[in-house]
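[1] Take a look and give me a structure for this.
(4 chains, ligands or ions: 4)
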Amino acid sequence: MAEYTMVAALNAALRDAMAKDPRTLVFGEDVGELGGVYRVTEGLQREFGSERVFNTPIAEAGIAGICVGLSLAGWRPVAEMQFDGFSYPALDQIVSHIAKYRNRTRGRTSMPIVIRIPSFGGIRGKEHHGESPETYYAHTAGLKVVVPSGALDAYRLLSLAIADPDPVIFLEPKSRYWAKEQGELAVDGPRMGRAWVRREGEACTLVTYGAMVTRCLEAAEVLARERVSCRVLDLRSLVPLDLDTLAESVRKTGRVVVVHEAPRTLGMGAEIAARIMEEAFDYLEAPVLRVTGYDVPYPPAALEQRYLPSVERITSAVRRVVSY
Amino acid sequence: MAEYTMVAALNAALRDAMAKDPRTLVFGEDVGELGGVYRVTEGLQREFGSERVFNTPIAEAGIAGICVGLSLAGWRPVAEMQFDGFSYPALDQIVSHIAKYRNRTRGRTSMPIVIRIPSFGGIRGKEHHGESPETYYAHTAGLKVVVPSGALDAYRLLSLAIADPDPVIFLEPKSRYWAKEQGELAVDGPRMGRAWVRREGEACTLVTYGAMVTRCLEAAEVLARERVSCRVLDLRSLVPLDLDTLAESVRKTGRVVVVHEAPRTLGMGAEIAARIMEEAFDYLEAPVLRVTGYDVPYPPAALEQRYLPSVERITSAVRRVVSY
Amino acid sequence: MVIHEDPYDVAPVRLVAPDGTAVGDTDVGLKPDELRDLLRLMILSRRLDRECMALQRQGELTVYPPFEGQEAAQVGSAFALEPDDFVFPSFRELAAAIVRGVDVVEYLQYHRGTWHGGPYDPIASRFAPICVPVATQIVHAVGWAMGAKLDRLPVCSLAYFGDGATSEGDFHEAANMAAVFGAPAILFCQNNGWAISVPLREQAAGPIHTRAEGYGMPGVLVDGNDVLAVYSVTRAAAERARAGEGPTLIEALTYRMGPHSTADDATKYRSADEVKRWRERDPIDRYLKHLLASGAADESFVADCEDEAKEWVADVRAGITSLGPPPVDELFGFAYVEPPESLERDRRSSTEAPDG
Amino acid sequence: MVIHEDPYDVAPVRLVAPDGTAVGDTDVGLKPDELRDLLRLMILSRRLDRECMALQRQGELTVYPPFEGQEAAQVGSAFALEPDDFVFPSFRELAAAIVRGVDVVEYLQYHRGTWHGGPYDPIASRFAPICVPVATQIVHAVGWAMGAKLDRLPVCSLAYFGDGATSEGDFHEAANMAAVFGAPAILFCQNNGWAISVPLREQAAGPIHTRAEGYGMPGVLVDGNDVLAVYSVTRAAAERARAGEGPTLIEALTYRMGPHSTADDATKYRSADEVKRWRERDPIDRYLKHLLASGAADESFVADCEDEAKEWVADVRAGITSLGPPPVDELFGFAYVEPPESLERDRRSSTEAPDG
Ligand SMILES: Cc1ncc(C[n+]2csc(CCOP(=O)(O)OP(=O)(O)O)c2C)c(N)n1
Ligand SMILES: Cc1ncc(C[n+]2csc(CCOP(=O)(O)OP(=O)(O)O)c2C)c(N)n1
Ligand SMILES: [Mg+2]
Ligand SMILES: [Mg+2]
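    Ligands and ions are numbered 1, 2, ... in the order given. Coordinates of the predicted model:
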């Protein structure tokens, strides 16, 4: 059986999409000869030429803005922002145009754009290299937001995102870039808006995404030894949210803990807590708890493991809700 | 007794702050001779001179960025973004610098900056003139976010925001700019992080802010005729959130409906629902419901009243929770 | 006081003087009926612009941004393009839209408040949606031009923007990318002296067209009230673009005769005298005198234009005033090709229980 | 292939040729001990830079961005400033920090991953925090200069940024605002040929210093490996600024001898030959030859510098390697002057039940 890192799987998804559809373009800072600072675009320029895979100047608003024009000209842009913390200059073009263009033109245009953003913390990175930007995008109507948690699903989700007719913000958990997964790359499997039950359990559901999936699975292991069995839900897609699977989980376990790296206030945990109340209040046997980053700027390397949800923080939250 | 529009009250708050502290500066697009497109800065340039009150080029990132430099030089910038929808180009400077600067320098610097943004819809405005940007700021650790609902509190809150040592995003509900309120302008009264009970009631609490306070009070009137008595909570401050008053309200009424103009997903309603669960789950007798804008771009004038929470949508949500 | 009429000490490209006399080679390659058409389009534009001001006062439009005074800048430049070229307007380019054949009743839905920036068909009319966030459309124009270049199409894009827009980062990123990628794009700045209440000197300390050199592209200063000069420099830029020689920055000196929009009161920040001096440089008067003097048009042609304008404007009025609000369902209909289930639920509850 | 050593057809300001011979008036107003100090500071900088590379390889620093090759550009410019002037660095300006007297152990906490951009005292040292988001610090420098001008202080600010940074909107908004407000700011571009893997020609199609004209400010091209030339043009720009004559854009042509950072492999995108040619233009060798030839320094002075560097670098190493992690409480301590109650609760629960 083959083995892939997430970087290799993403690279393969880009390569396959470009081979399949000659209108697909890949661009961004350093994505050409270098293959991106994380090598996700490695070899693509050599294979598809420098017209379809090209470096841009350091201009994130410009990168997002040319996606709009290229879409109108019938191309499918797959753009890279070099890091989470450097995607903010592009927000205006994304919020004011990419998200709104189809609506503005009464459906006469569409923006089949993918913006890839290496995101989240856990890599002992410098300031601005550990941001969790999902709330900015998930709150912006008109966008879809996707976060893979492992190599094989990263291949699937990126392939689906590139094929999607709506603009997709594709957040790549950097701390999982080099983690290996065994299996075959395939597009078949759960569609883009579906959550994925990564572990079954009855006592509590851990709702999470990205790199925190692994951490929640670890926490579930620890808890299993205490005979507390946890269901682990990998959301995969933050917009749309898989409300059915969320509601089903609450009906099954009655208790939910949401885990993410982003700061607590208005992180995805807030939305999930609110949706769960709306969808399945009667099944809730304890408050939905949130184990998240804190409401402070992402810290330096020396403190990041005190900031990120730890197995200990997750297990202690689960213990709290199961004994509620 | 004197009578003030919100525009006049804000203007007075700026004037008083400038008179009190010679380090206070006011700048932005068209804030000089014209006095701003909403006349909030009217007369200030004449009174305080064009060094302390000045027009900037159309460069929102620049406007936010010079706030940083001016703060380091010991000034207190009060900057205006001309409209909600035109504040997005400034997000990078706000998120990456204004919010993080003090933390980055281990408290050796501070950013006593106020960014005023005429916001929200309901004015039959053009596209980009009806945005509710609060989530982008409230999720950003390091910022405070404030929204007045009427003239007198606007005076108080803006005065407090200018005096605050932390950066404050000050969102002004345009649709209340010309509404009049009687009373005296004063800084005394509820502090910046406190919510304000605008109406007492037992059956349900309406949690809201900005222009929706008036609408919730109307809805409460309608419901009162049906003998459903609602508490109306004007949050005033979105960061910090007044958790005590929120929890107290749940303990009192057991039922909560949150109302805001912003799209549902990851709007403030999500955070409030999550906090209420965390703080007062046992007192909840029904799910917290959200009456909000929809997850679509803010619509044109002809459709905006179908998008904004109406008295009917609010009352029907309250009826649902009280009969839950 | 800096007088906007001559903000720089370099003379703009000018073929016809304000009094209508030729001061350059007025043979710009247009046939007589095309020369007349320029006049006709400027007259139609002005009549419609004034009608829109009236419609707004009568409550039939929400806010309206008039372009009176800028007819030559818009008509001359739009006329220089080929049908397959693509225009990226800001919010004041109704005259350019008319030249491009955009359905103006559809266009005016935007100002009526019944739909957003692109109620007309932007792809079919090669005219992007009205774009309000200042300078953002310039980047789109560059992206479109890059795409056209990849397709090896002999076309170009043209982005309209104002003097104020040149202060935005997006202007810069667009210009730099256009130059780096050799995009067939024309960056067309209508320098009308004002950005709402902010005069040029508070917006920029150097002449806008001189920015071009730093980007490695040609910069042209043109008299924006001289329709032939505008046509000619735009035509040249389009030919450069088509020939694979990359982008051009054009600065057209013109003037916004009216307020920034119907919500604005321009007397608060500028002198009647300045406005009067620009009235003397009116682009339509000037070109009319020139055409009459050169014999390319006569009084009866002008009368025909005015008649056509009258009738057309009445039709547009009838079209726009009879427009009702869009169906509520449209609120939900276009945000996504494949809307999230949660949004579908909102749609259902909103339309099933319209007051609930 | 474009050779970065002479990217433009205009010659930069140069006082000392690569072989050390004077080619301009080398009397830049510095006294002999100041002339020697320039050499000393460049030597200290290079030794520390190399030590940092070693520290990183040994796991004592996280990622480190070396500046070898850019010593003259940084030392010459920083040396031209007065104590009250304020520097706004990007992330590669350790040499400038040394000149400004920043505590380098505190500075290196950033690269050790124990704190963010400003672990030293930025106000006292007149050296803003390390700034990673490309070009954003230029706006801060302009804002600070505007503030100083309001205070009528005879000071200026200097922002360092790279060639790549000039593509960002923030560069443009900063430059334009500086010119419009006549801010006493120096925009100092270290054009080192590369932005990570992207060569200058993919970043910009026109010479960077020629952008200045469009903004209405002077633009200067200087040989960034000639410390006297850099000193002299920066000094002139600072004097202009202090005299109320506004901002200056300086483009210093230099070269990044090493990788972009320790995480980068520069052999993937550039030739050994290019690097070799720049080695021949080494800024320290050049200035050393010049000083020896002119008699301003002798071999024993150089030996003293090397000794001082050795000792100092060892001290810095000892300082940095003995640094432990910051107390957990610091995670919560600085985000707000008055933190929200919810954050205080998080702080309490995190520190009371550290594993919970
Ligand atoms: C990003 C952004 N900031 C601010 C505004 C508000 N605004 C609308 S028009 C305008 C002035 C534009 O001036 P200019 O570019 O000269 O165009 P003109 O109005 O003169 O045609 C401003 C500031 C906006 N629409 N977009
Ligand atoms: C806004 C932003 N985008 C992208 C990056 C990632 N990045 C870090 S350094 C760099 C290249 C900078 O090149 P240049 O300005 O020439 O400076 P140099 O590294 O050569 O000193 C890039 C793209 C960033 N730090 N900030
Ligand atoms: Mg203008
Ligand atoms: Mg560089």
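
[2] so how far is residue C:191 from the most centrally placed residue in chain A?
    The geometric centre of chain A, computed from its C-alpha atoms, lies nearest to residue A:147 (CA atoms, centre = their mean), at 1.6 Å. As judged by CB to CB, to the nearest Å, residue A:147 and residue C:191 stand 46 Å apart. Backbone N, C-alpha and C define where each C-beta goes, glycine included.

[3] same thing with residue A:129?
    Residue A:129 is 41 Å from residue C:191, where distance means CB to CB.

[4] Who has more neighbours out of the two?
    Taking other CB atoms under 10 Å in any protein chain shown, residue A:129 and residue C:191 do not tie; residue C:191 has more neighbours (29 against 23).

[5] Quick one: residues contacting the closest residue to that one other than its chain neighbours.
    With sequence-adjacent residues excluded and distances taken as CB to CB, 6 or more residues apart in numbering or on different chains, residue C:191 is closest to residue C:163, at 4.2 Å. With contacts defined as CB atoms under 8 Å, 6 or more residues apart in numbering or on different chains, residue C:163 is in contact with C:189, C:190, C:191, C:192, C:193, C:194, C:195, C:200, C:203, C:204, C:208.

[6] can you tell me which of those residues are in helices?
    C:200, C:203 (DSSP state H).

[7] Smallest gap between chain A and ligand 2, at which residue?
    residue A:86 (3.5 Å; CB to the nearest ligand atom).

[8] and that residue, how far is that from residue A:174?
    Distance, residue A:86 to residue A:174, using CB to CB: 13 Å.

[9] Strands along the chain, start to end?
    You didn't pick a chain, so chain A it is. Assigned by DSSP state E, the strands in chain A fall at A:3-5, A:24-28, A:53-55, A:76-80, A:114-119, A:144-146, A:168-173, A:180-182, A:196-199, A:204-208, A:230-234, A:237-239, A:256-263, A:289-293.

[10] other chain: chain C
    Using DSSP E, strands in chain C cover C:86-88, C:157-162, C:185-191, C:194-195, C:198-199, C:219-223, C:248-253.

[11] Now mean pLDDT too, for these, in CSV please.
    Listed next are the strands of chain C as CSV, based on pLDDT from 0 to 100:
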stretch, mean pLDDT
strand C:86-88, 98
strand C:157-162, 98
strand C:185-191, 98
strand C:194-195, 98
strand C:198-199, 97
strand C:219-223, 98
strand C:248-253, 98
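
[12] Most tightly packed of those strands?
    strand C:185-191 (a mean of 31; mean count of other CB atoms under 10 Å in any protein chain shown).

[13] Outline the domain layout of chain C.
    C:32-321, C:326-356 (automatic domain parsing).

[14] Could you state which residue of chain C sits nearest its centroid?
    With CA atoms, centre = their mean applied to chain C, the nearest residue to centre is residue C:93, 2.8 Å.

[15] which residues does that residue contact?
    Listed by CB under 8 Å, 6+ apart, the contact set of residue C:93 reads C:67, C:74, C:87, C:160.

[16] Give me the nearest residue to residue A:298, chain neighbours excluded.
    Nearest to residue A:298 is residue A:130, by CB to CB, 6+ apart, at 4.1 Å.

[17] so how many other residues sit close to the one you found?
    28.

[18] what does residue A:149 give?
    Neighbours of residue A:149 (other CB under 10 Å): 27.

[19] thought it was touching residue A:214?
    Yes: applying CB atoms under 8 Å, one finds residue A:149 in contact with residue A:214, separated by 7.1 Å.

[20] Give the residues shared as contacts by these two.
    residue A:176.

[21] what sits against the residue of chain A closest to ligand 2?
    Residue A:86 touches A:60, A:128, D:133, D:134, counting by CB under 8 Å, 6+ apart.

[22] Show me what from the stretch 101-250 of chain C comes close to ligand 3.
    Proximity of the stretch 101-250 of chain C to ligand 3 (CB under 5 Å from the ion) is limited to residues C:162, C:163, C:192, C:195.

[23] Tell me which residues touch the first one, please.
    Pointing back at residue C:162 there. C:90, C:92, C:134, C:189, C:190, C:191, C:192, C:195.

[24] give me that answer again for 10 Å
    Applying CB atoms under 10 Å, 6 or more residues apart in numbering or on different chains to residue C:162 gives the contacts B:58, C:70, C:90-92, C:134-135, C:189-196, C:203, C:256.

[25] number of nearby residues for residue 315?
    Defaulting to chain A. 24.

[26] Sorry, I should have been clearer: chain C.
    Residues lying near residue C:315 (other CB under 10 Å) number 12.

[27] For the domains of chain C, state which one has the densest average packing.
    domain C:32-321 (a mean of 22).

[28] Ends of it, what's the gap?
    Criterion CA to CA, to the nearest Å; first-to-last residue distance in domain C:32-321 is 36 Å.

[29] what bridges to the residue of the stretch 251-356 of chain C found nearest chain D?
    Nearest to chain D in the stretch 251-356 of chain C, going by CB to the nearest CB, is residue C:251, at a distance of 10.8 Å. On the basis of DSSP bridges, residue C:251 is bridged to residue C:189, residue C:221.

[30] pretty sure it contacts residue C:222?
    Yes: counting by CB atoms under 10 Å, residue C:222 is a contact partner of residue C:251 at 7.1 Å.

[31] Find the residues that touch each one of those two.
    C:12, C:188, C:209, C:233.

[32] re earlier: tell me the spacing between the residue nearest to residue C:191 and residue C:195.
    6 Å.

[33] what's the overlap in contacts for these two?
    The contact lists of residue C:163 and residue C:195 share B:58, C:203, C:204, C:256, where a contact means CB under 10 Å, 6+ apart.

[34] how far off strand B:289-293 does the lowest-mean-pLDDT helix or strand in chain C point, in degrees?
    When each helix and strand of chain C is scored by mean pLDDT, DSSP states H and E, helix C:341-352 comes last, with a mean of 89. Note on geometry: by axes from the mean of the first three to the mean of the last three CA atoms, to 10 degrees, helix C:341-352 and strand B:289-293 are set 80 degrees apart in direction.

[35] which residues does residue 216 contact?
    The chain I'm using is chain A. A:149, A:198-199, A:205-209, A:230-234, A:257-259, A:291, A:309, A:311, A:314-315, A:318.

[36] was after chain C, sorry
    Shown in contact with residue C:216 (CB under 10 Å, 6+ apart): C:175-176, C:178-180, C:182, C:246-247, D:201, D:204-207, D:210.

[37] now do residue A:291
    Contacts for residue A:291 (CB under 10 Å, 6+ apart) come out as A:206, A:208, A:212, A:215-216, A:219, A:257-260, A:264, A:269, A:308-310, A:312-318.

[38] Residue A:131 too?
    A:83-88, A:117, A:119-121, A:125, A:261-263, A:293, A:297-298, B:95-96.

[39] Am I right that residue C:17 is in contact with residue C:24?
    Yes: if you go by CB under 10 Å, residue C:17 and residue C:24 touch, sitting 9.3 Å apart.

[40] Find residues that contact each of those two.
    By CB under 10 Å, 6+ apart, the residues touching both residue C:17 and residue C:24 are C:223, C:226.
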